[in-house]
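**Student:** Provide a 3D model corresponding to the input given below.
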Amino acid sequence: MNAPLPLNITRSTAAQAYDDVARVSNEVAGKLAQRLAAETTGEVLFSPADRGRYATDASIYQQMPVGVFVPRTAADVKTALDICRDLQVPLVPRGGGTSQCGQTVGAGLVMDHSKYMRKVLQLDTEARTAEVEPGIVLDHLNASLKKHGLWYPVDVSTSAQATLGGMAGNNSCGSRSIAYGNMVHNVIGASAWRSDGTLLELGRYDTASGAARELGDYVKTLADQLRPELEAHWPKVLRRVAGYNLDIFHNQNEKPYTADGSVNLAHLLVGSEGTLALTKSLKLQLSELPRTKVLGVVNFPTFYKAMDSAQHIAKLGDGALTAVELVDRTMIELSLQNPAFAPTVRTALIGQPDAILLVEFSGASKAELTPKIKQLVDLMGELGLPGSVVEMIDDAPQKNLWEVRKAGLNIMMSLKGDGKPVSFIEDCAVPLEHLAEYTDALTQVFRKYGSKGTWYAHASVGTLHVRPILDMRRDGGQKMRAIAEEASALVRHYKGAYSGEHGDGLCRGEWVQWQFGPKIMEAFAQIKTFMDPINLLCPQRIIDAPKMDDARLMRFPPHYKVIPIQTALDWSAWNVQNDPVTELTSAPGTGGDPAQGFAKAVEMCNNNGHCRKFDAGTMCPSYRVTRDEKHLTRGRANTLRMALSGQLEGMNAQDAFTSEVVHEAMDLCVGCKGCKRDCPTGVDMAKMKVEFLHHYKARHGHTLKDKLVARLPDYAPWAARLAPLLNLRDRIPGLALLSEKLMGLSARRTLPQWKSSHFFNTPRRSASREQVLVATRPVVLFVDTFNGYLESDNASAALKVLQAAGYTVHVATKAVADGKALCCGRTYLATGMVDEARTKAKELLDALLPFAEKGIAIVGLEPSCLLTLRDEMLAMGLGAAAETVSGQAMLLEEFLAREASAGKLKALKDQLKPMAEPLLLHGHCHQKAFGAVTPIMEVLKMIPGAKPELIESSCCGMAGSFGYEAGHYDVSMQMAELSLLPAVRQQPGAVVVADGTSCRHQIHDGAQREAIHVAALLARQLG
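**Tutor:** Next up, the predicted model:
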């Protein structure tokens, strides 16, 4: 069967949409797509790939939607609701798609509010209120509030990607709920449509009128009738988010929903998971932004001791205590394995603790709060743990540690193998005095079923995030059911709440009646019927929910299979199994993956959505521009997973992987490696794209542009000889357009200029191979194609700097000379030519291995080239030689920073002249991914008077050849305009340092400024 092309449904193609969609789906889907395209301005996504990308959230579940709708306006939302009602198609609202329990997946029309429905509609700084659309992300809202000294304090760990609509649907809580409460305590109004199209304006009950008053009266009658049941069965804890908030009329929460005791009808929608109404806007109660914070990190020898101490710590602070958060040994160890988190975690540890508690105090000044830390230190001494507190008074280390803590749930998922920590009882809440006993008893339950829990908790409020490790492809479903039964008995014994933070969804819906009893459950059903009599909104959630272990709803059901693939790269490290108790993994290659580990690497994506963040960091640059799910790391991983497992409808399983549909999803991946560093589960989409392109190009062939890019290192010597002729492309009108037509290189983009005289054909003073091997201060300089042929001054500058520092420098050459320079294979990898890249890498290893074996540093200039030695080269099957060379390979700035810290660069520092100009640094994506930005900052600070300022930017948009391509030019420039180019323009007199050749080219084209390599700057300062 031929694979269907992507369905591009727009208003102009609405008439054809019915036939196109009905052919690959069904008649109802065709009518739905046709009407949405004709009657709204939103995006209508009904292709198998689009539907597959929205079939999952951060839970273990998967349900294929009828289609996906991305509304642009509130009018679009209302129209879509009306169309769904007419066609009787269920509607499932979705924000960031980060739900833990399957709330945002469903078999109806999934509506994604996050792309366009994200405005702040009204802000009243005096009243401290804001009205927002449901798709706005928490961090984005708080960023806009910061200048007013305000914030929205429901500080969830997914704040960089969680939308306010989703948070309200879940009644989210966050790390600081002990001080600020849950969503329900901070929502004061809601505008929402019932399924019949009626718009409800919900706020205070005592001032309500019309339909809102009618709703309030109806629910009040139910609540009054059930008051004895509420008092007998309703959990008396802050963290109870199951069911509907029937207790707003007779408060059962330990923190009243309103400060003045009034009843707010908007609270009926909070926690209702989209089952009662479709949100148009929310009115939020804002809080004063804490002026400062201090943090005490308590190290515990045992997990039990940490849990037992929480009840005592929670009494500290005299109102200043804002968080008590647990991190257990498993999470500590996994964090230490992640290069983005390890340095931060080490700052919090004393020895090897079994658990740590992050204890935060907030207030007006450090002076006011420092005594609170003293109270904590004294308390721990009284509890028998003197010297157990790491005091973090300064803001930066606190912020860094909280970032690790916020990534905790996802860090846990980085465990390789089919066994994964599974979310289903992770947010049970029990009174603090029972926390230690409960966790100990639950640990025994896990042990009984051959598993082990990974823990972290909001210890301040007794909510425990615990995920037993289960293999959901095999017997995980049965074990999940058994563990849930026993855990629920423990929750009841300790008078806790079974759902304390992440809601009900597909995972805990069946437990709502267990928690509240049949009478309250009947009242919930009556409220659902009153609000949504046709059961249009999120059916089978809370009411008539399915069994949590229904295999038909699972992402990895028993029939899940992966197609066999002969991979080009080595993915065997992912092809393992793990022991649920010891968490030890089997030997690489023993996991049984027909795709040799590639599928398991793809499946590491658990849909947590961390790649949706827009703050500092790299990933995901294409998503930052398009905000399309398919251009997100998560979206690409889901597309690959669906293709590899034969789940793209209408496609032959063997053909799907190399189809145009997958190519379209992978096309805007710029290989920045931001996900390699920033993704908590370690999804490396850049490497996955290399693997994909290898198979795709084998089927579809390489274009002329592919060959020109890939073979640049081979023809560079000849191109240099023809430099005057080749450089005419950017000087004679019409030639640029011709090159675009012939080769696909954008006419709007200048090309690098060739030079007849370059580094490789210019005499230089450097050491021979023999000399460097016996030198006392040896270093090998690996000059790549770009800095050797196109920007030779950088290579000459690096040689000058290293020699000025007193090193004997050998410029690496091929073991057998053939007139060409050494090449890492990067250009070949970028086009999927893995076999050719392997040949180049082998030549490089042959040349460098003798030096690496002697521990001599191998220094490079171009981040994408040098860091290939530490990344892809290790996955090419080149054995121990690749490991040895990798261990000595470093960028120039890494080498200089290392030597400076060892006190070996005094001679160089003494020669550097002062500089007075402002200094801006743009980090190359690969530098960021490998933690090499800090070293370059350290090196720049060696220059007297230099005050380097780091540009907080994502990818520059060039990404090797990406930005040169006509089809990518616009996206490339949009990436650059997000932060890089505006920052450069703001300081016209600054020296701009950028080590990436493509980064410098982007700055040249986009800002008409000349950025320089750090080597060139250092050489300039030598005089």
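**Student:** Show me how far the longest helix anywhere in the chain is from its chain's centre.
**Tutor:** Counting residues, the longest helix found in the chain (DSSP state H) is helix 834-853. Chain-centre distance of helix 834-853: 33 Å, with Cα atoms, centre = their mean, to the nearest Å.
**Student:** go on, stretch 31-43?
**Tutor:** Relative to the chain's own centre, stretch 31-43 is displaced by 31 Å; criterion: Cα atoms, centre = their mean.
**Student:** likewise stretch 722-736?
**Tutor:** Centroid separation between stretch 722-736 and its chain, computed with Cα atoms, centre = their mean, is 42 Å.
**Student:** And for the nearest residue to residue 677 once chain neighbours are set aside, the neighbour number?
**Tutor:** Once flanking residues are discounted, residue 677 sits nearest to residue 929: 4.3 Å by Cβ to Cβ, 6 or more residues apart in numbering. Bear in mind the C-beta positions are built from the backbone N, C-alpha and C, glycine included. Residue 929 sits with 26 neighbouring residues when counted by other Cβ atoms under 10 Å.
**Student:** so residue 929 makes contact with residue 672?
**Tutor:** Yes. Counting by Cβ atoms under 8 Å, residue 672 is a contact partner of residue 929 at 7.3 Å.
**Student:** Overlap in contacts, the two.
**Tutor:** residue 618 (Cβ atoms under 8 Å, 6 or more residues apart in numbering).
**Student:** The next helix or strand after the longest helix of the chain: how far from the chain's middle?
**Tutor:** Later in the chain than helix 834-853, the nearest helix or strand by DSSP states H and E is strand 858-860. Computed by Cα atoms, centre = their mean, the chain-centroid distance of strand 858-860 equals 31 Å.
**Student:** Now do the strands in the stretch 351-500 of the chain.
**Tutor:** In order along the chain, the stretch 351-500 of the chain carries the following strands (DSSP state E, counting those that start in this stretch): 355-363, 389-392, 420-421, 428-429, 453-458, 463-470.
**Student:** who does the third one touch, helix- and strand-wise?
**Tutor:** The reference is to strand 420-421. strand 463-470 (3 or more Cβ pairs under 8 Å, 6 or more residues apart in numbering; DSSP states H and E).
**Student:** Please point out which parts of the strand it packs on sit buried.
**Tutor:** Buried residues in strand 463-470, counted by 16 or more other Cβ atoms under 10 Å: 463-470.
**Student:** hmm, back to that, I'd like the strands of the stretch 351-500 of the chain laid out as a markdown table, including mean pLDDT and distance to residue 600.
**Tutor:** What follows is these, written out as a markdown table (pLDDT from 0 to 100; distance: least, Cβ to Cβ, whole Å):
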| stretch | mean pLDDT | distance to residue 600 |
| --- | --- | --- |
| strand 355-363 | 94 | 30 |
| strand 389-392 | 96 | 37 |
| strand 420-421 | 87 | 11 |
| strand 428-429 | 85 | 30 |
| strand 453-458 | 76 | 19 |
| strand 463-470 | 84 | 16 |
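**Student:** Put together TSV for the ones you listed, with distance to residue 160 on each row.
**Tutor:** As requested, the strands of the stretch 351-500 of the chain are arranged in TSV below (distance: least, Cβ to Cβ, whole Å):
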stretch	distance to residue 160
strand 355-363	19
strand 389-392	22
strand 420-421	21
strand 428-429	25
strand 453-458	18
strand 463-470	18
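**Student:** Quick one, which of those strands gets closest to residue 592.
**Tutor:** strand 420-421 (15.6 Å; Cβ to Cβ).
**Student:** Distance check, the closest residue to residue 802 other than its chain neighbours against residue 831.
**Tutor:** Excluding the flanking residues, the one nearest residue 802 by Cβ to Cβ, 6+ apart is residue 809, at 4.8 Å. Per Cβ to Cβ, to the nearest Å, residue 809 is found 32 Å from residue 831.
**Student:** now swap in residue 198 and tell me
**Tutor:** Noted for residue 198: a distance of 56 Å to residue 831, by Cβ to Cβ.
**Student:** returning to what we had before: of the buried residues of strand 463-470, which is the nearest to residue 918?
**Tutor:** Within the buried residues of strand 463-470, proximity to residue 918 (Cβ to Cβ) peaks at residue 465, which comes in at 45.1 Å.
**Student:** So the closest one sits against residue 455, correct?
**Tutor:** Yes. Using Cβ under 8 Å, residue 465 is in contact with residue 455, at 6.8 Å.
**Student:** Residue 434: what's it in contact with?
**Tutor:** Taking Cβ under 8 Å, 6+ apart, we find residue 434 in contact with 462, 494-496.
**Student:** Now render the residues you listed as CSV, adding pLDDT.
**Tutor:** Below are the contacts of residue 434 laid out as CSV (pLDDT from 0 to 100):
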residue, pLDDT
462, 75
494, 90
495, 88
496, 87
